[in-house]
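In: Have a look at this prediction, sequence included:
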Amino acid sequence: MLTAWASAQTPTPVEQLAKPPADAQHFTVLSTAGKHGESTRWVTAEGARMGRESIVLRGQVFEVDSAARLGHDGMLESAVVRGFTPNGDAAESFSIADGKAAWKSPVDAAGAPYAAPAEYVAFGGPIDLTADLAEALVAAPGQSLALLPGGHARAELLATASVGEGTQARTVTAYAVTGLSNTPVPVWFDDKGHFFASVGPLSWLPVGYESALTVLQTAQDEALAQHSPAVLRKLSKTPAGPVAFTHVRAFLGGTRFVEDRTVIVERGVITRIQSAGGKVPARAQIIDGAGKTLVPGLWDSHMHFPDDASGPMLLSLGITSCRDPGNVNELTLARAERRAHDLLLTPRVYPSVLIDGKGPNTAQVATVVTTQEEALAAVRKAKADGFLGIKIYGTFDPSWVRATAAEAHRLGLHVHGHLPAGMRPMQAINDGYDEITHINFVIMQAMPDSVVDKSNGIARFEGIGRYAKDVDLGAEPMKSLIATMAARRIIVDPTVSVFEGLLVPENGDLSPAYAPYLGTLPPAVERGFRQGGFSVPPDLTRADYRRSFDKLIELVGDLHRAGVPIVAGTDGSGMELVRELELYVQAGFTPAEALASATIAPARMVGVDSRTGSIAVGKEADLVLVDGDPAQHIGDLRHTRVVMMQGRLMDADALRAAGGFAGRPKFFD
C-alpha cells in the first residue's frame, strides 16, 4: 500500500486522502486568533501509523495525509505523504531496505547507508510524522537521536503544566528539542510519553484542550526565559572604558561611506568621529577595523519576533532593532520587560498590534474584532499597552478603516498593514494608512476586481503572479498612486525577498537569500529552504511568475526614485535581510541608499532617529563591524565580526554559535 501511494505522479485529491476512523486522536490547529484547521492521528489494525491534516492559513490550503511504519529498532522504516500544499504536490516517500535508507520529497531524492538507528525528518506531511519523531526522541537513550537526511536531535526537559478540568485534568511536560531548527523547539507530552501538543504562532492541541493554549504558551516562554540572563552574561561584555574603532570605513549620518575613520564610543554613546590618525582616549579598547566597515546596527522592519533564543541569532546577523508587525501581544510585552531589566539579549523590538476581522482567512496571532467599536477598543488597548502602531489585516472590514486610523493617529500610533479585501492602496491611504506593507499590496492598485475582492486569500499571491507582469508602471492607475505616495510620504515595507521565494524558484532550488549560509545550518533547516515557490496555474508558466517578480522589483525602484520612503524588512528569519538590500540595489538603489533603508529610514519611521539609526556624535552606539566593503558589494553586510548595542560588545562568531550556525556565511560577489 505504501509503495502505491509513493508512486503517484499528480497530487492526490482530497476525496482520495485517508479517512480517520471514529477512534482517531483529533487535534485543533489554532492560534490566538482562532481555529485554522484540524489534524488527526491513528494506528490501523495492521500497525500502520496514519495522519490526516486540513489547514487553511490566510487563504493557503494544505490537504495532506501520511502513512508510516516502525522498524525493529523503533525508528521509521517507511513513510509516505500524499496531498497538496500551496507549493504543489506534497508527495514524499521514505524507506529502509537492505541496509540503505532512501527518500524522495518535493525538494530532493537521495539515500544513505543505514547501519544504526536514525529517525527520518519528513520534509512535509501532517503533524503525525513530527509527533512520531518527537516520541522516538524522548524515548531514546539519553534523549538523543541521529537524524536523516542528516543532523542530530536532542531533547531537554523544559516545563510542566496542568491543563483541563475534572476528568480531563492532566499534567503535561514540555521538552526543548534542538537540532531541528536554529533555536529550541518546545514539544508537549502527556504522562505516557505520547505527543500532546505543539505550541507556537501556529499550534496543535487535542480537541477539548484548546483553552490550554495560553497556559502552555506562557509556561514554555517563561521556562525558556530562565536561560536568557546567562546567555546575556556569556555573550556580551561591558567595556571598562572607551572603545575606539580605528581605521574603519564608516557609514556616516545615514547617507555616505567615508574612508579611514576612527569612531570613539564612551558609555554606549558615540562621542567622537575623527580621521584615523587622531588621538584616542587613554585606556581605550582598540578594535582594529582595517579592511572592515562600521555600519549602524541593522533594522529588520518586518520581523515577527519568535522567542528569547532568537536574540543571539538576529544579533549575529547585525540586526540590533526590529519592527514587529504582529505577534502574541502578551509574549511581546513580557520580552520587552525582560530586556528592559537586562535579563534578555535581543534586538530592541518596536511592536505593533495586528488587528483583523473574523473569517476563514483571519491572520494567526491577530486581535480579532467584529465591530467598529471593537476595532476602536483594540486601538486604545494597543496604546495603553505601549505598542507603537497598529497593523490592519485582510479580513478587517474596509468600512472601519477610516475611523480606526483616525483613532490611532489621535493616540500617536502608526497605521500600516495589508489591505482589507476589496480595498486598493489609494483608498487605504485616503482612509489614513501611513504605510503599505508588502509590495504586492502596492501593485494591487492595478489588479482586476477578481484579485482585489479576494486579496485576503491566495489571490494576493496568485493574482500578482498572473497579472503583475503586464502592468505599465508609468501609466494609470500606478502613475497617480506613486505620485500620491511620494507627495504624502507614504512608507512602503516591500519584503520583496518574500516574493522572490514565492514566485521565482522551483522545488529544490536554493534561494540566493540562503545560499551564503549553506553548510552552517541544521540540515532540516537547509532542506526547508529548498521549498520552491507557489505552484503555477496550468495556463501559466514559472517564467510568467518570474516576469511578474521582475515587475515588483521595477516597482520598488520606481517608488524609490519618486521619493517614496522604503524600509527594509524580511517577514522571515532575518537571514533574508541582506538579500532584500541586494534586490534594492538591483532595482536601482545605490548601496548607500539600500543600507539607509535598513538603518536611518526605519529609525525615522518609528521616531527614534534622534538617538539611533546612524553613526553620528551623540547617538547611541548601535554598531556593527563587517568584513569587506558594502559600499561596493552590499552583500558584505553578512560578514559581521563585532556587534555593539546598549554599551555592550559582542563577538559575532560567538553569537552565531549560540544562534544555531555552525560557522560564518560564505562570500559571494
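Out: Thanks, I have the structure now. If you're wondering where the values come from, they're calculated on a predicted model, not measured in any experiment. Numbers count the residues shown, from 1 in each chain.
In: give me every residue that touches residue 182.
Out: By C-beta atoms under 8 Å, 6 or more residues apart in numbering, residue 182 lies in contact with 310, 313, 521, 522, 525, 573, 659, 660, 661. Yep, even glycine has a C-beta here, placed from its N, CA and C like the rest.
In: What is the lengthiest helix in the chain packed up against?
Out: Using DSSP state H, we find that the single longest helix of the chain is helix 542-562. Packed against helix 542-562 by the contact rule (3 or more C-beta pairs under 8 Å, 6 or more residues apart in numbering; DSSP states H and E) you find helix 439-442, helix 459-467, helix 478-488, helix 496-503, helix 577-587.
In: Same list, the ones you listed, but as a markdown table with distance to residue 122 please.
Out: Shown next, in a markdown table, are the helices and strands packed on helix 542-562 (distance: least, C-beta to C-beta, whole Å):
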| stretch | distance to residue 122 |
| --- | --- |
| helix 439-442 | 30 |
| helix 459-467 | 25 |
| helix 478-488 | 43 |
| helix 496-503 | 21 |
| helix 577-587 | 27 |
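In: Would you confirm that residue 643 belongs to a helix?
Out: No. Judged by DSSP: H, G, I helix; E, B strand; the rest coil, residue 643 forms no part of a helix; its state is strand.
In: was I right about it contacting residue 621?
Out: No. With contact defined as C-beta atoms under 8 Å, residue 643 does not count as touching residue 621 (10.6 Å).
In: circling back: got the CA coordinates for the longest helix of the chain in PDB?
Out: Written as PDB, here are the backbone C-alpha positions of helix 542-562 (Å, rounded to 0.1, in the frame of the first residue of the first chain):
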ATOM      1  CA  ARG A 542       7.100  29.700 -14.000                       C
ATOM      2  CA  ALA A 543       8.600  32.200 -16.500                       C
ATOM      3  CA  ASP A 544       5.300  34.200 -16.200                       C
ATOM      4  CA  TYR A 545       5.700  34.300 -12.400                       C
ATOM      5  CA  ARG A 546       9.300  35.300 -12.700                       C
ATOM      6  CA  ARG A 547       8.400  38.200 -15.100                       C
ATOM      7  CA  SER A 548       5.800  39.300 -12.500                       C
ATOM      8  CA  PHE A 549       8.500  39.200  -9.900                       C
ATOM      9  CA  ASP A 550      10.700  41.400 -12.100                       C
ATOM     10  CA  LYS A 551       7.900  43.900 -12.300                       C
ATOM     11  CA  LEU A 552       7.800  44.000  -8.500                       C
ATOM     12  CA  ILE A 553      11.500  44.800  -8.500                       C
ATOM     13  CA  GLU A 554      10.900  47.500 -11.000                       C
ATOM     14  CA  LEU A 555       8.100  48.900  -8.900                       C
ATOM     15  CA  VAL A 556      10.400  49.200  -5.800                       C
ATOM     16  CA  GLY A 557      12.800  51.100  -8.000                       C
ATOM     17  CA  ASP A 558      10.100  53.500  -9.300                       C
ATOM     18  CA  LEU A 559       8.900  54.100  -5.800                       C
ATOM     19  CA  HIS A 560      12.400  54.900  -4.600                       C
ATOM     20  CA  ARG A 561      13.100  57.300  -7.500                       C
ATOM     21  CA  ALA A 562       9.900  59.100  -6.900                       C
END
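In: Let me see the contact set for the spatially most central residue of the chain.
Out: By C-alpha atoms, centre = their mean, the chain has its centre lying nearest to residue 572, at 2.6 Å. Shown in contact with residue 572 (C-beta under 8 Å, 6+ apart): 497, 498, 513.
In: With adjacent residues omitted, what lies nearest to the last one?
Out: Yep, that's residue 513 we're talking about. Nearest residue to residue 513, sequence neighbours excluded (C-beta to C-beta, 6 or more residues apart in numbering): residue 579, at 3.7 Å.
In: need the strands for the stretch 1-150 of the chain, in chain order.
Out: In the stretch 1-150 of the chain, the strands defined using DSSP state E, counting those that start in this stretch lie at 25-31, 34-43, 49-57, 60-70, 76-85, 88-89, 92-97, 100-104, 109-113, 119-120, 144-148.
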